[in-house]
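K.L.:
any chance you could fold what I've pasted below:
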Amino acid sequence: MSAPSTTFDFQAMRQELRGNPKTQIALAVFALIVIYALYTFFSPDSPKGRKAAATRTGSNLDPRQLQGLRRLPDLAALGKAGELPPAVKVQRDLFMFEAPPPPAVKVKPPPPPPEPTPEEIAARNKAAEKAAEFAGRPQDLRYLGFFKGSPSGTVGAFMKGEEPITLLQGTLLKERWKLVSILDTKAEFQNTKYPDLRLVLEAREASGGAPVNQF
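P.N.:
I've put the predicted structure just below:
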């Protein structure tokens, strides 16, 4: 058995390319792959191309420029690239970062109330004085009735708690409450400073309970 021939038959290869479409397609694809590989290898964006460009650029710089570039800090480390800011500066929900809430709106306080006039102050003081005078009326008395005395005149009979007392018409109690009227059904006191303040005690028997004061 004879050994196969090691010589390459170009004539048979050319005949194969002419007559077999599959061989033609395969050869075209191979040519495209070779062209793409060469373009990628020699492209400026490739690592080798970038390295060559950097070498060429560095070789064209002035020594003082190179020294200045070496003194620059690492810009990526300077801003801590890739790290989140502190939590106090950034609020985060499940989907997005949000800005801090807006500052609270300052509400202007209402203006102070107007100062009272001298007339209003005088009216308030007078009302307070009248209230104090009315609080000091002799309301702890219970009127029982009256009798005629001689020569004193009309005398009113009162009970102060469990103690019976008699008062003449015109008697002054608690400095400003004057007994001005004694009748069979009631006794009336009047304030000497404010005449419109009056106290009326209706007559009750000794067992009639507390006095009824009418104003």
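K.L.:
what helix or strand is residue 143 on?
P.N.:
For residue 143, the element it lies in under DSSP states H and E is strand 141-149.
K.L.:
list the buried residues of the following helix or strand past that strand.
P.N.:
Toward the C-terminus, strand 141-149 is succeeded by strand 153-160 as the next helix or strand (DSSP H and E). Under the neighbour-count criterion of 16 or more other Cβ atoms under 10 Å, strand 153-160 has 154, 155, 156, 157, 158, 159 buried. (C-beta placed from N, C-alpha, C; glycine too.)
K.L.:
let me have the residues you listed in JSON lines, extended by distance to residue 123.
P.N.:
Output for the buried residues of strand 153-160, formatted as JSON lines (distance: Cβ to Cβ, whole Å):
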{"residue": "154", "distance to residue 123": "39"}
{"residue": "155", "distance to residue 123": "40"}
{"residue": "156", "distance to residue 123": "36"}
{"residue": "157", "distance to residue 123": "40"}
{"residue": "158", "distance to residue 123": "36"}
{"residue": "159", "distance to residue 123": "39"}
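K.L.:
between those residues, which is nearest residue 40?
P.N.:
If you rank the buried residues of strand 153-160 by distance to residue 40 using Cβ to Cβ, residue 159 comes first, at 126.8 Å.
K.L.:
partner residues bridging that closest one?
P.N.:
Here residue 159 shows beta-bridge partners residue 142, residue 164, assigned using DSSP bridges.
K.L.:
which helix is the longest one in this protein?
P.N.:
The longest helix of the chain (DSSP state H) is helix 21-42.
K.L.:
buried sites along that helix?
P.N.:
Buried residues in helix 21-42 (16+ other Cβ under 10 Å): none.
K.L.:
no more questions from me, cheers.
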